[in-house]
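1. how would this look folded up:
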Amino acid sequence: MGTTRGIRAFAALSALALLHACATLPAEDRDPGLYGTETVRAVITARQLQGTTFTTTQDALRTLRPSLFTQRAALATGDPYRGAPALYVDGQFQGGLEFLSTIPLYAVRSIQILGSSEGHSRFGRFHPGGVVEVNVRR
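-> Got it, this is the predicted structure:
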């Protein structure tokens, strides 16, 4: 009987420790999730990309944030990106994530991955899959 109580206590403490560890991840290590509905902002900096073997921004994000490229169903009527994030470069709308292949990695200052509500507040309506914003060096 005492063993069962000890196991339950250990399981409860382990669960609390795991929750605490997940809740305290730095913002750059959080992912807005499969559908980009959270307002958490994930940031990837040029410093984090230095020394990698990726050549394009698309190569880097396919490895670092694969959930962005997961096939999805449309989240809203008329959603042209079928639930995938929209792409903005230096605040200018570019289209879907396929345009990431045109951005060389050496030109990237930072990449921000925004959930749908953050994308809506920064770039206006109709970003049900969130937004990927790439800031480039000039």
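2. The helix or strand harbouring Thr4: what's the following helix or strand?
-> Applying DSSP states H and E as the criterion places Thr4 in helix 2-23. Sequence order places strand 42-45 as the next helix or strand after helix 2-23, per DSSP H and E.
3. What residues sit buried inside that next one?
-> Ala42, Val43, Ile44 (16 or more other C-beta atoms under 10 Å). (Each C-beta comes from the backbone N, C-alpha and C, glycine too.)
4. what comes into contact with whichever helix or strand comes after that strand?
-> Per DSSP H and E, strand 42-45 leads on to helix 46-49 as the next helix or strand towards the C-terminus. With contacts defined as C-beta atoms under 8 Å, 6 or more residues apart in numbering, helix 46-49 is touched by Glu28, Ala60, Leu105, Val108, Arg109, Ser110, Arg137.
5. Which strand residues bridge the fourth one?
-> It stands for Val108. Under the criterion DSSP bridges, Val108 forms beta bridges with Val136.
6. isn't it right up against Arg138?
-> No. Val108 lies out of contact with Arg138 (C-beta atoms under 8 Å); the separation is 12.0 Å.
7. of those two, who's got more company?
-> More neighbours surround Val108 than the other of Val108 and Arg138, with 22 against 6 (other C-beta atoms under 10 Å).
8. Please report how far the more buried one lies from Thr70.
-> For Val108, the distance to Thr70 equals 22 Å [C-beta to C-beta, to the nearest Å].
9. Could you do Ala86 as well?
-> For Ala86, the distance to Thr70 - C-beta to C-beta - is 16 Å.
10. Ala46 too?
-> Distance from Ala46 to Thr70, by C-beta to C-beta: 26 Å.
11. Have a look at the two and say which one is more surrounded.
-> When neighbours are counted by other C-beta under 10 Å, Ala46 comes out ahead of the other of Ala46 and Thr70, with 16 against 10.
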